[in-house]
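A.B. asks: turn this into a model:
(2 chains)
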There are 2 protein chains.
Amino acid sequence: MRTLRLGFIGTGLMGTPMTRRLLQAGLDVTVWNRSPAKADALAADGARVAGSLTELTRSVDVIMLCLANTAAVESVVFGDGGVAETGRAGQRLVDFSSSDPAATRDFAERLSHGCGMAWVDSPVSGGVAGAEAGSLAIMCGGTADDVAAVEPLLEPLSARVTHMGEVGSGQLTKVCNQMVVGCQAAVLAETVALAESSGVDATRLVEALSGGFADSKPFRILTPRMAAADYANPPWHLRTLLKDLDMAVAQSQRSHSATPMSGLAAQLLRAQATRGHAGDDPAILVESYRQPQG
Amino acid sequence: MRTLRLGFIGTGLMGTPMTRRLLQAGLDVTVWNRSPAKADALAADGARVAGSLTELTRSVDVIMLCLANTAAVESVVFGDGGVAETGRAGQRLVDFSSSDPAATRDFAERLSHGCGMAWVDSPVSGGVAGAEAGSLAIMCGGTADDVAAVEPLLEPLSARVTHMGEVGSGQLTKVCNQMVVGCQAAVLAETVALAESSGVDATRLVEALSGGFADSKPFRILTPRMAAADYANPPWHLRTLLKDLDMAVAQSQRSHSATPMSGLAAQLLRAQATRGHAGDDPAILVESYRQPQG
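C.D. replies: Next up, the predicted model:
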């Protein structure tokens, strides 16, 4: 495995610490970034810096992507001078980005058909802190052979790599995660408003219920912000959860599997997005139910 | 506080270990139970055993109830020979049972109007293990004076006592807890089914997502049972969650506060209850979405 040459595309907030950890593990890493300065910064850590996507693709065995969204992945892989143009059979692509599951399956098929390269979708969870500590949770989709081949390369990055099924299954697992989180946000909003309108001190719900069956990270983050109507410095955005819930609904149409709770939650979030709150904390959802003052 | 005489009504699965802890703390406790054998068993631990509800009510300062449901509370308080007949001003009633919030407010008013006795609703969370260890979470509803007066008596039982508001607020807080849990069950069902129908190995969801934002106690209990279609020895029953979600919807009507997610979850649970699954594990909900085999 030490003899495999790695390429890393997308050395941003997540990609930079991930690349550093691969280099620290003694791996041979070539980097490329759309803004060259972000790639150059890694030369001091021992990275080779490619002058172009073509140069990177030609010189490595495994290509890792860590990009902002599905469109960025499509552009880097299938755009002019992209990976697909010079890729070859035997190479593997590992996509750490959170991309659409259906697009991922389409990309994987096009890439395999075009140049014979294999795709392993590997979205991560754990944020920048997890990337720096090498404690990311990574959910993989791909053939058993392809996942097994790249798994040793993920070791410097991750506390846990889980193979979830065929290509796209990693991305689908992330959608599952977001169904639970997005619905949780919608439920907490109506729970806090009901508590308030029923004479319960909603600012004490976390104190009263933490450690029990209602407890979760979203519960601890959203409930106090909802109860205090404090939406400043949002740690996350309503539009992110809405995009993921919409992805869940689209997948429910494709796979003929009903998702009534996620479908309702998507529409409840959309109602607030329509009212100008897409960039706000999902905690704003409580305002859908709170009774107007005076 | 050590001079206050306590009465404990309902020495069942929860009430027995709670009474034992009060006795071990050196408190003077008189017990009564509808099945006398369960009260007699506590004599060896130092409890006085009352021959009747009337005898108990006359001889104590604070009356604690730990009963199965709202109907049992009503019968013990307002039935023939019940607490209301011989209660007096200055006495306080602490209801550890999980009772209906609106009924609780009605009971408190009737009791206060009838004999001047005060009501503190104090449903608990933590189960038999928490009762034995004295680590229950207790959510109180009542006036600040009444809650402050009984709080020292709750110390041997509880790691945390939270005053949530006026009478009924403790019960309402428990309803809030169950809204989150009941909706969680409904969401997990559609998530597991969507994962399966999309080619994801749903038996690996807990491994992939634990520790993250989707994690919770219901997530860890329900997801593997849903994925394995293993509904044997249910640790809890669908009908309990349905009853609590219905209580949430009833409260939303009373307090004019919309609860769309809980309302939908109640109907989704009812659909499975109607099909004969009221006494089953709520994990059975996944079968609403799972595609028929062969």
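A.B. asks: so where's chain A uncertain?
C.D. replies: Within chain A, the stretches with pLDDT under 70 are A:1-2, A:294.
A.B. asks: how about the helices of the stretch 151-294 of chain A, start to end?
C.D. replies: Taking DSSP state H, counting those that start in this stretch as the test, the helices found in the stretch 151-294 of chain A are A:169-197, A:205-209, A:217-227, A:238-255, A:260-272.
A.B. asks: I'd like the ones you listed laid out as CSV, including mean neighbour count and distance to A:L27.
C.D. replies: (C-beta placed from N, C-alpha, C; glycine too.) Converted to CSV, the helices of the stretch 151-294 of chain A look like this (neighbours: other Cβ atoms under 10 Å in any protein chain shown; distance: least, Cβ to Cβ, whole Å):
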stretch, mean neighbour count, distance to A:L27
helix A:169-197, 28, 21
helix A:205-209, 22, 43
helix A:217-227, 22, 32
helix A:238-255, 20, 32
helix A:260-272, 22, 39
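A.B. asks: just put those in TSV and tack on distance to A:D146.
C.D. replies: Below are the helices of the stretch 151-294 of chain A laid out as TSV (distance: least, Cβ to Cβ, whole Å):
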stretch	distance to A:D146
helix A:169-197	12
helix A:205-209	43
helix A:217-227	32
helix A:238-255	22
helix A:260-272	30
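A.B. asks: using TSV, lay out the ones you listed together with distance to chain B.
C.D. replies: Shown next, in TSV, are these (distance: least, Cβ to the nearest Cβ, whole Å):
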stretch	distance to chain B
helix A:169-197	4
helix A:205-209	4
helix A:217-227	5
helix A:238-255	4
helix A:260-272	5
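A.B. asks: hmm, the lengthiest strand in chain A touching chain B?
C.D. replies: Counting by DSSP state E, the longest strand found in chain A is strand A:158-165. Yes: using Cβ under 8 Å from any Cβ of the partner chain, strand A:158-165 comes into contact with chain B via A:R160, A:T162, A:H163, A:M164, A:G165.
A.B. asks: which of those residues lies closest to chain B?
C.D. replies: A:T162 (4.0 Å; Cβ to the nearest Cβ).
A.B. asks: count of residues packed around the closest one?
C.D. replies: Look at A:T162: counted by other Cβ atoms under 10 Å in any protein chain shown, it has 20 neighbours.
A.B. asks: ok, back up a step: let's see if you can find the most crowded of the residues of strand A:158-165 next to chain B.
C.D. replies: When the residues of strand A:158-165 next to chain B are compared by neighbour count (other Cβ under 10 Å), A:M164 ends up highest, at 28 neighbours.
A.B. asks: quick one: residues contacting that one.
C.D. replies: By Cβ atoms under 8 Å, 6 or more residues apart in numbering or on different chains, the residues touching A:M164 are A:M139, A:C140, A:G141, A:G170, A:L172, A:T173, B:V200, B:D201, B:R204, B:A208.
A.B. asks: ok, these vs B:A37, which is closest?
C.D. replies: Ranked by distance to B:A37 (Cβ to Cβ), the contacts of A:M164 are led by B:R204 at 49.1 Å.
A.B. asks: tally of neighbours for the closest one?
C.D. replies: Neighbours around B:R204, by other Cβ under 10 Å: 20.
A.B. asks: that one is in contact with A:V161, isn't it?
C.D. replies: No: checked against Cβ atoms under 8 Å, the pair B:R204 and A:V161 is beyond contact range at 11.0 Å.
A.B. asks: for A:V206, what are its contacts?
C.D. replies: If you count contacts by Cβ under 8 Å, 6+ apart, A:V206 has them with A:F219, A:R220, A:T223, A:P224.
A.B. asks: swap in 6 Å and give it another go.
C.D. replies: Going by Cβ atoms under 6 Å, 6 or more residues apart in numbering or on different chains, A:V206 touches A:R220, A:T223, A:P224.
A.B. asks: what's the answer for A:G170, then?
C.D. replies: Neighbouring residues of A:G170 by Cβ under 6 Å, 6+ apart: A:D121, A:S122, A:P123, A:M139, A:C140, A:G141, A:M164.
A.B. asks: how close does it get to B:A273?
C.D. replies: In this view, A:G170 and B:A273 are 36 Å apart by Cβ to Cβ, to the nearest Å.
A.B. asks: what do you get for A:G168?
C.D. replies: Taken as Cβ to Cβ, the span from A:G168 to B:A273 is 35 Å.
A.B. asks: the two: which is more packed in?
C.D. replies: Per other Cβ under 10 Å, whichever of A:G168 and B:A273 has more neighbours is A:G168, with 28 against 20.
A.B. asks: before we move on, back to that, tell me the angle the longest strand of chain A makes with helix B:169-197.
C.D. replies: Orientation of strand A:158-165 against helix B:169-197 (axes from the mean of the first three to the mean of the last three Cα atoms, to 10 degrees) gives an angle of 60 degrees.
A.B. asks: helix or strand for the residue most central in space within chain A, which one?
C.D. replies: The centroid of chain A falls nearest to A:S98 when counting by Cα atoms, centre = their mean (3.5 Å). A:S98 belongs to no helix or strand when assigned by DSSP states H and E.
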